[in-house]
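Asks: Quick check, what structure comes out for this input:
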Amino acid sequence: MELNVLLRLLMAHLLSDFVFQPDAWVKSKQSKKIRSAALYLHAGVVTVITYLLFWDWGKWYVPLIISLSHLVIDILKCYTRNTFVNFLTDQLLHITLTIVVWLIFYFNIGEITHKTLSVLGTNNTWLLLLGYFTMIWPLGIAIGKATEKWQTAAGMNAGGLDKAGMWIGRCERVLVFTFIIMGQYTALGFLMTAKSILRFTDKDKMTQKKTEYVLVGTLISFTSAAVIGAIVAYAIK
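Replies: Down below sits the predicted model:
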């Protein structure tokens, strides 16, 4: 029951911020800041939706606290630059405060501690955590070191988006690892095909060295992620 309340509160936040907040309100808050009527209209929407999804009429003050905290955070956001980092910070604050309110009024320390320890106490949980951690950090560094001698020759250090290749590699390894764990080998094939098509239909006319470098890096990334995924999947079973 306690977790169900938290999930409903989080859904209320997402609906309020991303569905029932018009772009005109966002622009108004950015330009007029604390004087914007949209700021307070949005707070009203948050209050109504939170009340509707909260559904615990005896604790009417919980949605009120959440909506007031939402308003304060939005006012502070009005005076910051509209960047991706600030957007993430804003959402993290909203979610964190929602969780804090839930913990204050619904936290059952015994039950939650028991469930958390039971999950963390299993080998499968740690196998998955180690697997995903390896996909994101160590494996990426290892692949970079393995292909380092070809980067300059292939012209990979000139042009392109900063660290784009690193994030592409991380995403593809996480996806490959996940598909292997879930046994979704068809999806794995689609992923490999999609990346190959995107690479080789590039309008930039990649040189042979660059093409070979990308192909080698992709195959190493896919193969290593697939092998580790298969090992983890076998260990879990």
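
Asks: Can you mark which positions in stretch 84-98 are buried?
Replies: The neighbour-count check on stretch 84-98 (16 or more other Cβ atoms under 10 Å) flags 90-91, 93-94, 97-98 as buried. All C-beta atoms are positioned from the backbone trio N, CA, C, and that covers glycine.

Asks: Which segments of this protein make up each domain?
Replies: 2-114, 122-236 (automatic domain parsing).

Asks: Select from those the stretch with the lowest mean pLDDT.
Replies: For these, mean pLDDT drops lowest on domain 122-236, to a mean of 82.

Asks: now the end-to-end length of that one.
Replies: Chord length of domain 122-236, first to last residue, is 10 Å (Cα to Cα, to the nearest Å).

Asks: what does stretch 174-190 give?
Replies: OK, stretch 174-190 end separation, Cα to Cα: 15 Å.

Asks: ok, and what's touching that stretch?
Replies: With contact meaning Cβ atoms under 8 Å, 6 or more residues apart in numbering, stretch 174-190 is reached by 128, 131-132, 135-136, 191, 221-222, 225-226, 228-230, 232-233, 236.

Asks: Which of these are buried, as a ChimeraX select command?
Replies: Only the buried entries of the contacts of stretch 174-190 go into this ChimeraX selection, using 16+ other Cβ under 10 Å:
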select :128,131,132,135,191,221,222,225,226,228,229,232,233
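
Asks: Identify those among the contacts of stretch 174-190 that sit within helices.
Replies: The helices, defined by DSSP state H, take in 128, 131-132, 135-136, 191, 221-222, 225-226, 228-230, 232-233, 236 from these.

Asks: What is the nearest of the contacts of stretch 174-190 to Lys29?
Replies: Nearest to Lys29 among the contacts of stretch 174-190, counting by Cβ to Cβ, is Ile136 at 34.8 Å.

Asks: Isn't that closest one up against Glu172?
Replies: No. Applying Cβ atoms under 8 Å, one finds Ile136 not in contact with Glu172, separated by 11.4 Å.

Asks: Residues that sit against both of these two, list them.
Replies: Shared contacts of Ile136 and Glu172, defined by Cβ under 8 Å, 6+ apart, are absent.

Asks: Against Gln21, how distant is Ile49?
Replies: Using Cβ to Cβ, to the nearest Å, Ile49 is found at 11 Å from Gln21.

Asks: more crowded one of these two?
Replies: Ile49 (21 against 18; other Cβ atoms under 10 Å).

Asks: can you tell me the helix or strand for that one?
Replies: Taking DSSP states H and E as the criterion, Ile49 maps to helix 37-54.

Asks: What is that helix packed up against?
Replies: Identification of packing neighbours for helix 37-54 by 3 or more Cβ pairs under 8 Å, 6 or more residues apart in numbering; DSSP states H and E yields helix 2-18, helix 23-32, helix 61-78.

Asks: would you put the C-alpha positions of the helix or strand just after the longest one in CSV?
Replies: The first helix or strand that comes after helix 61-78 along the chain, using DSSP H and E, is helix 84-106. Extracted C-alpha coordinates of helix 84-106, given in CSV (Å, rounded to 0.1, in the frame of the first residue of the first chain):
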residue,chain,number,x,y,z
PHE,A,84,19.7,20.4,-19.7
VAL,A,85,21.5,20.2,-16.3
ASN,A,86,19.1,22.6,-14.7
PHE,A,87,16.2,20.7,-16.2
LEU,A,88,17.5,17.5,-14.6
THR,A,89,18.2,19.3,-11.3
ASP,A,90,14.6,20.6,-11.3
GLN,A,91,13.1,17.2,-11.9
LEU,A,92,15.4,15.6,-9.3
LEU,A,93,14.3,18.1,-6.7
HIS,A,94,10.6,17.5,-7.4
ILE,A,95,11.0,13.8,-7.2
THR,A,96,13.2,13.9,-4.1
LEU,A,97,10.8,16.1,-2.2
THR,A,98,7.9,13.9,-3.2
ILE,A,99,9.8,10.9,-1.9
VAL,A,100,10.6,12.8,1.3
VAL,A,101,7.0,13.6,1.9
TRP,A,102,6.0,10.0,1.3
LEU,A,103,8.7,8.8,3.7
ILE,A,104,7.5,11.2,6.4
PHE,A,105,3.8,10.1,6.3
TYR,A,106,4.0,6.6,5.0
